[in-house]
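# What follows is a predicted structure for the sequence shown.
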Amino acid sequence: MKPVLVSGIQPSGNLHLGNYLGALTNFIALQNSNNYECYFFIADLHSITEDYNPKEKQKQILNLAEDYLAAGLDPKKCIIFQQSSIPAHTELMWILNTITPMGELSRMTQFKEKSANFRKGLLQPGGGGLLTPGEKQEELKDNNGLFDYPVLMAADILLYGASVVPVGHDQLQHLELARTLARKFNAKFGKTFIEPKSLMTEVPRLMSLDDPEKKMSKSRPAGCVFIDDAPEVIRKKIMSAVTDSMSEVGYDEEKRPAMANLLLLYSAMSTTSIPEIVKSYEGKGYADFKRGLADIVIEALAPFQKRKKELKINEVKKILEEGNKKANVIAEKKIEEIQKKVGLTL
């Protein structure tokens, strides 16, 4: 029996190249490795911990489902489902809350950073990232959902018996809490959960095209290439990207962060090593390099964009419904076991 792997993405706006390279392409590789029983979900419950427009949420959920399918997730090879359609996620979260010390949650780095930004009035409406000077905050407050986020994440993972979870460094602390809660529950109620391990992968950390000191984010659209951007938009953004005062293409992460970021993007989208790229642009200027980078990005995204346009919304909804049914069967069986263990079954 293959080990179970679980991961998800929040539906909170269009995905950019950082999401594409950091999550989507990784999902496809894990699915196609045939080494795991894969569950990929749309983390809509997590996404409502930050301010959002309810009228837009369903569109965001379906858009992310389309991204999953267009990128290459195959419902015949994995289970694709919507988190909120599986009631056992929130029921298990509540049960896990009863063994989760508040001190553990208050030490979570992500919660401390987000709540601090909320209190300073720095977070955008809609969970869009940090506000830039002059932008207005619209009644944003930290909330218990942000505080309890890691417990829901633990429920997402433990419910399906995940052995491995692909995570970035910013989620390692949350995964460690899931491991801790699995141990505590097993010690108190008997062996029930697997302690999941992290699956770390090489993920390029892309920075904003207009500021190499800031991470690529939808809150800075001018410096962010979205995977749905039209070719002419992609080209314009890349040609406008900041570089440095040097005249030749070269890689130096500390002294030339802007150029290093563009080379990292070029390498990730073309699977060509950075030294090879630098060598190919010897004697050429930044304009030539940017034109080449734009061509690479446009060409790499073309198949994804074509498949997404060909998807029919009814087919996408049907795939989600079928995935929800499959996930629900597994989740209900597990939650029944958990209910018996904690004494809730008569």
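Good, I have the coordinates.

# Around Ile48, count how many other residues there are.
As a burial measure, Ile48 scores 18 neighbours (other Cβ atoms under 10 Å). Backbone N, C-alpha and C define where each C-beta goes, glycine included.

# my guess is it meets Tyr149, correct?
No: the criterion here is Cβ atoms under 8 Å, and Ile48 misses it with Tyr149 at 10.8 Å.

# On the three-state scheme, Thr243 is what?
Three-state call for Thr243 (DSSP: H, G, I helix; E, B strand; the rest coil): coil.

# dump the residue contacts of it.
Ala258, Met259, Leu262, Tyr286 (Cβ atoms under 8 Å, 6 or more residues apart in numbering).

# among those residues, which are in strands?
Per DSSP state E, strands hold no members of the contacts of Thr243.

# and those residues as TSV, adding neighbour count?
Shown next, in TSV, are the contacts of Thr243 (neighbours: other Cβ atoms under 10 Å):
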residue	neighbour count
Ala258	18
Met259	24
Leu262	26
Tyr286	18
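
# Looking at these, which is nearest Gln305?
Ranked by distance to Gln305 (Cβ to Cβ), those are led by Leu262 at 21.6 Å.

# what's the distance between the closest one and Thr243?
For Leu262, the distance to Thr243 equals 7 Å [Cβ to Cβ, to the nearest Å].

# all strands for the chain, in order.
4-9, 37-42, 78-82, 162-166, 197-199, 207-208, 211-215.

# for Thr109, what are its contacts?
Asp170, Gln173.

# contacting residues for the residue nearest to Ile335 when sequence neighbours are not counted?
Counting by Cβ to Cβ, 6 or more residues apart in numbering, Ala88 is the residue found nearest to Ile335 once chain neighbours are left out, at 4.1 Å. Contact analysis of Ala88 by Cβ under 8 Å, 6+ apart lists Leu159, Asn328, Ala331, Glu332, Lys334, Ile335.

# Please apply the same query to Glu195.
Glu195 touches Arg179, Ala182, Arg183, counting by Cβ under 8 Å, 6+ apart.

# pLDDT below threshold where in the stretch 101-250 of the chain?
114-141, 202-203 (pLDDT under 70).

# ok, 50 please
By pLDDT under 50, the low-scoring segments of the stretch 101-250 of the chain are 122-140.

# Now for the nearest residue to Ser267 once chain neighbours are set aside, how many residues are close by?
Once flanking residues are discounted, Ser267 sits nearest to Ile274: 5.0 Å by Cβ to Cβ, 6+ apart. When neighbours are defined as other Cβ under 10 Å, Ile274 has 15 of them.

# Would you agree Ile274 is in contact with Leu262?
No: taking Cβ under 8 Å as the definition, Ile274 is not a contact partner of Leu262, at 10.4 Å.

# Give the closest residue to Arg179 in space, chain neighbours not counted.
Glu195 (4.7 Å).

# before we move on, back to that, now do the residue nearest to Ser267 against Gly223, distance only.
Distance from Ile274 to Gly223, by Cβ to Cβ: 21 Å.

# List the contacts of Lys326.
Ile79, Phe81.

# how does it look with 10 Å?
By Cβ atoms under 10 Å, 6 or more residues apart in numbering, the contact set of Lys326 is Tyr39, Pro75, Ile79, Ile80, Phe81.

# contacting residues around Asp170?
Per Cβ under 10 Å, 6+ apart, neighbours of Asp170: Thr109, Gln110, Glu113.

# Out of these, which comes closest to Val6?
Gln110 (18.8 Å).

# Just give the number of residues close to that closest one.
Using other Cβ under 10 Å, Gln110 has 14 other residues around it.

# Helices along the stretch 101-250 of the chain, start to end?
102-106, 109-119, 144-158, 172-189, 231-239 (DSSP state H, counting those that start in this stretch).
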